[in-house]
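Asks: 3D, please:
(2 chains)
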Amino acid sequence: MDWTAFRLSLELAAWTTGVLIPIGLLVGRWLAYSHFRGRGFLEAAIALPLVLPPTVLGYYLLVSFSTDMPMGQFWQSLTGQGLNFSFAGIVLASIIFNLPFAIQPVQRAFETVPMHLREAAWCSGLSHWRTFWRIELPLVWPGVISAFVLTFVHTIGEFGVVLMVGGAIEGETKTIAIAIYDRVQAFDEEAAGAMSLLLLITSFVAIALVYGLAGRRRVVSVR
Amino acid sequence: MSASALAVELRATRPIPLDVQLEVDSGELLALVGPSGSGKTTVLRAIAGLHRTRSGFVRCGTETWTCTQQGIRLRPQQRRVGLVFQDYALFPHLSALDNLLLAMDQGSVPQRRERAQELLSRVRLDGLEQRLPRQLSGGQQQRVAVARALARNPRVLLLDEPFSAVDMMTRERLQRELALLRRSIRIPIILVTHDLQEAVRLADRICVLHNGRSLQTDTPDALFRQPASPHVARLLGRHNVFTGSIVRADGEERLAWGALRLELEQPTGLPHGTTVSWYIPDSDIVLHRRGRPSLGERENPVHGTVAECVPLGAQTSVTLRCRHTDDSLRLNVATHAARRNGLEAGAEATVSLLRKGIHIMDKDGPDA
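Replies: Next up, the predicted model:
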């Protein structure tokens, strides 16, 4: 059992969800309430990680994280370190490949909050900010929980992209999913089995939590 | 500046054309009627600050809420407006009481609770304070919406088709409650409805709206007796709108309608030969009784043949093809009277058009 890898996976998932939930709320709400040219294009771009093979996404991230490319250069000038084969790199990669999991459930949830409820709140004297806290957020809460759990679990389980961008550096980028693969390669079936079971239980508990917390209300799921 | 409690003037060409002037006094209920798409709801939204128009103003007492000339556009939060949405727009996750409390911003918390309770009991919702909207019937939800609209101590109460989502029985009860409630609130009230009967029953004045234009604003009685134009008469579902001309013979002014020369109550002063539209309300068409003289039967007698006779409960709708004109008159008579007088398709009948009811409209009216 590779507890270091498990702890690293939890850290990665925590960072990813921590950054993505506010992004999901902002972008999901924006996409639900505004109509503009190119909206379909943007939604398609956000959904791309759902259909793209992880290795393909991983390859493009690997290339754009390299210090020859603007993003890699920018990061290096900011921190003095490269993005590839680093913890920061896999966090950034996780954020990108989890965009649909964080945005889509929240967007669907906001779409079910009718415009006139917000207008009723304004006419009741509530500022936009209070309308968001008192009316919108409680109503989209199941969507936010869905986004949180889906992102968290998906990050813990992601293999392809993390391996491409991060490699398998012990304590830095070797997550539990990679550790399982590593153990299988070394014919250590006992460790692989234990870690697989741990991931299975974690995923099941998380999904059960989504359905449970969302109550009898229909769970807002990804497309 | 207008002395009215609420004065509204709105003009726009896009996205919805508007050309509306309204004035509503404190305690007065003005009904906005018109076919769907006539801009009724848009007018309410503009007053509440939810819709922007190109030009115009909204003034409430001494406050200016919108004035495009001065560049004033207060946000909805800054206008004390109580708006009841068509589907009520109650906050689904909050109890009836919390729906009201959220709209309150004056007084301490216990004071607010007390006032919210008081408002809910005023709309007869005692004991249902903790229910969520989905646990309330349609009529109860509407009452919560009205109470919430009043919770903010509004300066204006706006009701957008508040009775359209409930069944007939509930509707009548809620209309009665509104009629009672408005006695105790001394603010201007605007009711949007497409139901003329509802408007007549509840409103002090009715404003007829079509394609975003306010065509006529008047008391229900004046509106139904003296529509400003044939168009308004048609929008009000009136029949008996005809074309005639003003003629003068022996110094007396008459209305020429086909071969008939109808007497008028008041001379119009229009030149001889002027083509006019005219209208006569149902109530001023008197059916001559068979074999017995009827009141006013010497006034403008019109002979004709019954073309259609449709009993609709206690009333029967009779279409009379007139002998001396190409037009047909439509009148409602009590079903028992129709039967007693032998009114049926093909029968001969005579009616009198009472002078006081004949209403001459300008042929080239604003929307002719």
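Asks: mind listing what A:Thr131 touches?
Replies: A:Arg118, A:Ala121, A:Trp122 (C-beta atoms under 8 Å, 6 or more residues apart in numbering or on different chains). Where you see a C-beta, it was placed from the backbone N, CA and C, and this is true even at glycine.
Asks: so which elements touch whichever strand or helix holds the second one?
Replies: Put plainly, it is A:Ala121. In this assignment (DSSP states H and E), A:Ala121 forms part of helix A:115-123. Judged by 3 or more C-beta pairs under 8 Å, 6 or more residues apart in numbering or on different chains; DSSP states H and E, the packing partners of helix A:115-123 are helix A:128-131, strand B:81-84.
Asks: then the first one to CSV, C-alphas only?
Replies: Listed in CSV are the C-alpha atoms of helix A:128-131, where the atom choice follows Å, rounded to 0.1, in the frame of the first residue of the first chain:
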residue,chain,number,x,y,z
HIS,A,128,-27.3,41.1,-6.8
TRP,A,129,-24.9,39.7,-4.3
ARG,A,130,-27.6,38.9,-1.7
THR,A,131,-29.7,37.4,-4.5
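Asks: now do the contacts for residue 195.
Replies: You didn't say which chain, so I picked chain A. Per C-beta under 8 Å, 6+ apart, neighbours of A:Met195: A:Met1, A:Asp2, A:Ala5, A:Phe6, A:Ile176, A:Ala179, A:Ile180, A:Arg183.
Asks: I was after chain B.
Replies: Contacts of B:Asp195 (C-beta under 8 Å, 6+ apart): B:Val33, B:Phe163, B:Ser164.
Asks: tell me the one of these nearest B:Val333?
Replies: B:Val33 (26.7 Å; C-beta to C-beta).
Asks: and that closest one, how far is that from A:Ala109?
Replies: From B:Val33 over to A:Ala109 the distance is 38 Å, taken as C-beta to C-beta, to the nearest Å.
Asks: can you check B:Arg171 too?
Replies: 34 Å.
Asks: more neighbours, those two?
Replies: Counting neighbours by other C-beta atoms under 10 Å in any protein chain shown for B:Arg171 and for A:Ala109 shows that A:Ala109 has the greater number, 26 against 19.
Asks: spell out which parts of chain A neighbour chain B.
Replies: A:114, A:116-117, A:119-127, A:134-135, A:138-139 (C-beta under 8 Å from any C-beta of the partner chain).
Asks: next one: phi and psi at B:Ser317?
Replies: phi -90, psi 120 (degrees, to the nearest 10).
Asks: what do you get for B:Glu63?
Replies: Torsion angles, degrees, to the nearest 10, at B:Glu63: phi -90, psi 140.
Asks: distance of it from B:Arg182?
Replies: B:Glu63 is 22 Å from B:Arg182, by C-beta to C-beta.
Asks: please apply the same query to A:Leu20.
Replies: For A:Leu20 relative to B:Arg182 (C-beta to C-beta), the value is 52 Å.
Asks: between those two, which is the more surrounded one?
Replies: Counted by other C-beta under 10 Å, A:Leu20 and B:Arg182 do not tie: A:Leu20 has more neighbours, with 24 against 18.
Asks: ok, and the closest non-adjacent residue to that one?
Replies: A:Ala102 (4.0 Å; C-beta to C-beta, 6 or more residues apart in numbering or on different chains).
Asks: how about B:Ala347?
Replies: B:Val306 (4.7 Å).
Asks: coming back round to it: just the buried ones out of the contacts of A:Thr131, please.
Replies: By neighbour count, with 16 or more other C-beta atoms under 10 Å in any protein chain shown, those hold A:Arg118, A:Ala121, A:Trp122 as buried.
Asks: show the pLDDT at the second one.
Replies: Which is A:Ala121. pLDDT, A:Ala121: 96.
Asks: for the stretch 151-300 of chain B, which residues are neighbours of chain A?
Replies: B:Ala151, B:Arg152.
Asks: show me what residue of the stretch 151-300 of chain B gets nearest to chain A.
Replies: B:Arg152 (5.7 Å; C-beta to the nearest C-beta).
Asks: contact partners for the nearest residue to that residue once chain neighbours are set aside?
Replies: Using C-beta to C-beta, 6+ apart and skipping the chain neighbours, the partner closest in space to B:Arg152 is B:Ala103 (4.9 Å). Applying C-beta under 8 Å, 6+ apart to B:Ala103 gives the contacts A:Ser124, A:Gly125, B:Arg148, B:Ala149, B:Ala151, B:Arg152.
Asks: isn't the first one right up against B:Leu102?
Replies: Yes - in this structure A:Ser124 lies within contact range of B:Leu102 using C-beta atoms under 8 Å: 6.1 Å.
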